[in-house]
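Student: structure of the sequence below:
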Amino acid sequence: LVGFHVTGGGGIGRTDRAPETYPRIADVLGYITVDQLLPTLDAVMGVQRDYGNRRVRARARFKYTLDDKGVDWIKAAIEDRLGTEFGETRPFEFTSNGDAFGWDTGDDGLEHCTLWIENGRIIDHPDRPLMTGLRKIATTGLCTFRMTPNQSIILGDVTPADRPVIDALLEEHNIAPKQISSQLRANSMACVALPTCALAMAESERYLPELITKIEDILGKYDLLEEPITIRSTGCPNGCARPYIAEIALTGRAPGKYNLYLGAGFHGERLNKMLHENVGEEKILATLDETLGAFAKGRNAGEHFGDFCVRAGVVPEVKEGRFFND
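Tutor: Okay, here's the model as predicted:
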C-alpha cells in the first residue's frame, strides 16, 4: 500500500419535495501517500466545519459544501490546511460493484465463500434454513463472518483442509452460494422499510422479492434472465439502499406507490433519473416491459440496461448531482 485517491462529495440521501437536496457521486480530488492520510482527514473535516451549512440541516453535508464552493475551491482549501498539494491521480478502473458469489482463494492461500442473502435478511425459509445453517457453521469456529456493502455474507479465512466441513453444512441446509433465480435478483437490494423504519412510506424489503418475481417473467420473455441489471428499492426518498445509482430503482411515496427511476450506470458511476412519480405496480411493470423489450431488441454489444436507457432517450443523462431534480 503506497497511497490513496481522495474523493469527496459523495452522498445518496435526499429529501422528498426539496429540490435543493439531491444524491451526488463523489469527485476525485487527488492523490496522497499513506503518511498523509490522517492529516488529510483532519483537513477535510476542518473545511466542512468552517464552511458547511449550519443553518439548514438538510444541506449540512459535505457534498453541498463542495457544490456551493466549487471543486477547485474545496481542493485548494484542503491543500492549504495540508501545506502541500495533492499528487496526480493514478490510473484505476472499476469493473464491478457487486459481489462475486461462491468460493475464492486469497493471496494467503485461505479460502472465502460469499453467500447471497436476499436483502440481507437472515431467517429460516421452509426449504432453506439459512439462520440455522449459519449458526451451525459459526459454532465450528472454522471461519470468520464478514458483511459486504451489498448485503451478502463472506465466510472467510477458511483453510483448504476445513473447506469440506463448511461445504457439507452449506449443502445440508440448502445454502448454495449461487442459489439465485436471475442476475436481476443477484443485483438487487432493499432497505428494511415497513414496519421497522419510522420514515418508511411504502414497503421495500418485504415487497421487492415479489416484484422481482414478476419482472423475471418479463426478463424470461425477452431472454434477459442472465443479463446483469441492478435494481434497488427503498421505502422513502432517503436512499438507504443506494437506489439512485441503480439501473432500476423504486423509492416509496405511499403504500403501494413509488417513484420509478431508470438509467444509472451499472457500476455505480452515474446517477439515474426519475421516469414516473407516485405510480403503482401495474404502471411499473408496464414500463419495464416496454423498456426491457426495447433493450433486448436494440442494445449494442456489451451495453448495459442503464446505458441503453440514456442512449435511447428513455431518460436524460444526469451528469452531476445538482442536476438530478431538473
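
Student: pretty sure residue 308 contacts residue 296?
Tutor: No. Judged on CB atoms under 8 Å, residue 308 makes no contact with residue 296 at a distance of 9.7 Å. Where you see a C-beta, it was placed from the backbone N, CA and C, and this is true even at glycine.

Student: neighbour-wise, which of these two wins?
Tutor: residue 308 (21 against 17; other CB atoms under 10 Å).

Student: any idea how far that one is from residue 290?
Tutor: Going from residue 308 to residue 290 by CB to CB, to the nearest Å gives 13 Å.

Student: before we move on, what about residue 23?
Tutor: From residue 23 across to residue 290, the span is 26 Å (CB to CB).

Student: between the two, which has more neighbouring residues?
Tutor: Shown here are residue 23 and residue 290; by other CB under 10 Å, residue 23 has more neighbours (23 against 12).

Student: skipping adjacent residues, who's closest to that one in space?
Tutor: The spatial neighbour of residue 23 that comes closest, neighbours along the chain excluded (CB to CB, 6 or more residues apart in numbering), is residue 244 at 4.0 Å.

Student: that neighbour against residue 13, yeah?
Tutor: No. Counting by CB under 8 Å, residue 244 does not reach residue 13; the two are 9.2 Å apart.

Student: and for these two, which residues touch both?
Tutor: residue 23 (CB atoms under 8 Å, 6 or more residues apart in numbering).

Student: ok, residue 242 - contacts?
Tutor: By CB under 8 Å, 6+ apart, the contact list for residue 242 reads 12, 189, 232, 268.

Student: give me that answer again for 10 Å
Tutor: 12-13, 23, 97, 149-150, 189, 191, 230, 232, 234, 249, 264, 268 (CB atoms under 10 Å, 6 or more residues apart in numbering).

Student: about what we covered before: list residues touching both of residue 308 and residue 290?
Tutor: Contacts common to residue 308 and residue 290, judged by CB under 10 Å, 6+ apart, are residue 314.

Student: quick one, what contacts the nearest residue to residue 152 once chain neighbours are set aside?
Tutor: The shortest distance from residue 152 to any non-neighbouring residue, by CB to CB, 6+ apart, is to residue 99 (4.6 Å). By CB under 10 Å, 6+ apart, the contact set of residue 99 is 114-117, 148-154, 186-187.

Student: which of those residues sits closest to residue 168?
Tutor: Of all the contacts of residue 99, residue 115 has the smallest distance to residue 168: 15.0 Å, by CB to CB.

Student: looks like the closest one contacts residue 186 (just checking).
Tutor: No. Assessed by CB atoms under 10 Å, residue 115 is found out of contact with residue 186, at 11.8 Å.

Student: and the contacts of residue 242, which of them are in strands?
Tutor: 189, 232, 234, 249 (DSSP state E).

Student: so which of those residues is the most crowded?
Tutor: Comparing these by number of neighbours (other CB under 10 Å), residue 234 comes first, having 33 neighbours.

Student: against residue 79, how distant is it?
Tutor: Note on residue 234: its distance to residue 79, by CB to CB, is 37 Å.

Student: and if you look at residue 95?
Tutor: The value you get for residue 95 to residue 79, if CB to CB is used, is 31 Å.

Student: between these two, which has more neighbouring residues?
Tutor: The neighbour comparison of residue 95 against residue 79 (other CB under 10 Å) goes to residue 79, with 16 against 5.

Student: pretty sure the more buried one belongs to a helix, no?
Tutor: Yes. Counting by DSSP: H, G, I helix; E, B strand; the rest coil, residue 79 falls inside a helix.

Student: make 49 the starting number, not 1.
Tutor: From this message on, residue numbering opens at 49, which makes the last subject residue 127.

Student: helix or strand right after the longest helix seen in the chain?
Tutor: Taking DSSP state H as the criterion, the chain has its longest helix at helix 329-346. As assigned by DSSP states H and E, the chain's next helix or strand after helix 329-346 is helix 353-359.

Student: picking that back up, buried among the contacts of residue 147? Make that a PyMOL selection.
Tutor: Command for PyMOL that selects the buried part of the contacts of residue 147, burial taken from 16 or more other CB atoms under 10 Å:
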select buried, resi 162+163+164+165+198+199+200+201+202+234+235
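
Student: now the contacts of residue 147 in TSV, with pLDDT and distance to residue 302?
Tutor: Shown next, in TSV, are the contacts of residue 147 (pLDDT from 0 to 100; distance: CB to CB, whole Å):
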residue	pLDDT	distance to residue 302
162	96	36
163	95	34
164	94	31
165	94	28
196	96	32
197	93	29
198	94	28
199	95	25
200	95	31
201	96	33
202	97	37
234	93	29
235	94	26
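
Student: quick one: residues contacting the closest residue to residue 207 other than its chain neighbours.
Tutor: Spatial nearest neighbour of residue 207, chain neighbours left out: residue 158 (6.4 Å); criterion: CB to CB, 6+ apart. Taking CB under 10 Å, 6+ apart as the contact definition, residue 158 lies against 152, 191, 192, 204, 205, 206, 207, 208, 210, 211.
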